[in-house]
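Participant: Sequence and predicted structure are below.
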Amino acid sequence: MAVLDSVVVGAGQAGLAASYFLRQRGVDHVVLDANPQPGGAWQHRWASLSMADVHGVADLPASTAPAGSGRAANAVVPDYFGDYEREQGLPVVRPVRVDRVESDGDLLVVRAGDLEWRTRTLVNASGTWTRPFVPYYPGIGDFTGEQVHTAHYPGAEHFRGRRVLVVGGGASAVQFLGELAPVTDTLWVTRRPPVWREDFDAAAGLAAVTAVEERVRRGLPPASVVSVTGLALRPQEQEAARLGAYERLPMFERIEADGVRWSDPPTGSGRAAFERVDAILWATGFRPAVDHLAPLGLRTAEGGIALVPVRGNVQGATTAARDPRVQLVGYGPSASTIGAPRAGRQAALAVSRFLVAAAA
């Protein structure tokens, strides 16, 4: 069986950027993508998310991303990625869902069902979309209404006329409330009071990314950067604000068959200790999809994958501290549309350096 110089897992923005730079450096590789068509996680996002709603899609290398518009992001971005793959001639193979990556001497073995690839290095760009996170609360299994995570959000009309509890303090929760409040009754709960901002400049962005980079350098699981970047209301969410949708409540203590309960009425809210709801929308984020890397033993005792820091480039930390054959892009400090292409470049550079050193 032929041995590749590298295998890229995932053909989202980070994976495509990594493939472009690997090809530039003459690194023999393939890109394995679990999806049946181009688009990465974007093809699975909710239909009401328009290009005007997203925080921006970074340019792929040697390309210009589509501008904001009223068109659905789950159509525009996959079209962009698909055109990019074809124009650049990237070696994407799909659909291939990687199950395990194992070490065999100096090589890595990437397994997907009965298929396998042997490679000297790996660039993991599997993202987070396939790992939606729902926290456990007592009684969660007793709720008789509907529970939906961000990954499966069906749109506001689906909930019309029902009382919806939105859980989560991130940007997606703010957007969902903006859509839901004009058509149905809503409640919003978060673990911490939301931090609102008027604007977001380069210094705030650097602070957010640096905080995440510090965590992964120490081997801690990546955390949300919303506490640093803060939240903002867009014009399309002003009606929801007028209706009181952003009057946040603290987290409840338990879930019951037809609602949620606090030990005491939330202070200053005017609410009761029990609130009836028909549906719970969990806007509680995602976790990195890295279970297939478990055989390599990359996780620290703290539960994260430590990355080697790159001086002067907080988004350049891609090399796994416990195995320099493995690069992670779209993980930790590069888990953003801006950071992913930069991390792809850094990962390709690290792969190239590793191959040169191994051949010496």
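Facilitator: Thanks, I have it. Since the structure is predicted, the reported quantities are computational estimates derived from the model, not experimental observations.

Participant: how close does Ala348 sit to Ser19?
Facilitator: Distance, Ala348 to Ser19, using CB to CB, to the nearest Å: 8 Å. (Each C-beta comes from the backbone N, C-alpha and C, glycine too.)

Participant: Give me the domain ranges for the chain.
Facilitator: 3-130+286-359, 140-190+242-282 (automatic domain parsing).

Participant: Now the last one: average pLDDT?
Facilitator: It refers to domain 140-190+242-282. Domain 140-190+242-282 shows a mean pLDDT of 95.

Participant: State the distance spanning the first to the last residue of that domain.
Facilitator: Distance between the two ends of domain 140-190+242-282: 12 Å, counting by CA to CA, to the nearest Å.

Participant: Equivalent analysis for stretch 179-197, please.
Facilitator: Criterion CA to CA; first-to-last residue distance in stretch 179-197 is 20 Å.

Participant: Buried ones in it, by neighbour count?
Facilitator: 179-181, 184-190, 194 (16 or more other CB atoms under 10 Å).

Participant: Would you confirm that Ala241 contacts Leu233?
Facilitator: Yes. Counting by CB atoms under 8 Å, Ala241 touches Leu233, with 5.8 Å between them.

Participant: For the stretch 1-150 of the chain, just list every one of the helices.
Facilitator: Counting by DSSP state H, counting those that start in this stretch, the stretch 1-150 of the chain has helices at residues 13-24, 73-88.

Participant: can you list those helices in CSV and add distance to Pro66, mean pLDDT and mean neighbour count?
Facilitator: Output for these, formatted as CSV (distance: least, CB to CB, whole Å; pLDDT from 0 to 100; neighbours: other CB atoms under 10 Å):
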stretch, distance to Pro66, mean pLDDT, mean neighbour count
helix 13-24, 13, 96, 27
helix 73-88, 5, 95, 19
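
Participant: Select, out of these, the one closest to Arg353.
Facilitator: helix 13-24 (12.5 Å; CB to CB).

Participant: what's that closest one packed up against?
Facilitator: strand 3-9, strand 29-32, helix 73-88, strand 115-124, helix 339-359 (3 or more CB pairs under 8 Å, 6 or more residues apart in numbering; DSSP states H and E).

Participant: quick check: angle from the fourth one to strand 3-9?
Facilitator: Right, the one you point to is strand 115-124. 70 degrees (axes from the mean of the first three to the mean of the last three CA atoms, to 10 degrees).

Participant: and strand 115-124, which strands flank it?
Facilitator: The pairing partners recorded for strand 115-124 under DSSP bridges are strand 3-9 (parallel), strand 107-112 (antiparallel), strand 326-328 (parallel).

Participant: what do you get for the second one?
Facilitator: According to DSSP bridges, strand 29-32 forms sheet pairs with strand 3-9 (parallel), strand 92-93 (parallel).

Participant: and the longest one, how far out from the chain's middle?
Facilitator: Think strand 3-9. 23 Å (CA atoms, centre = their mean, to the nearest Å).
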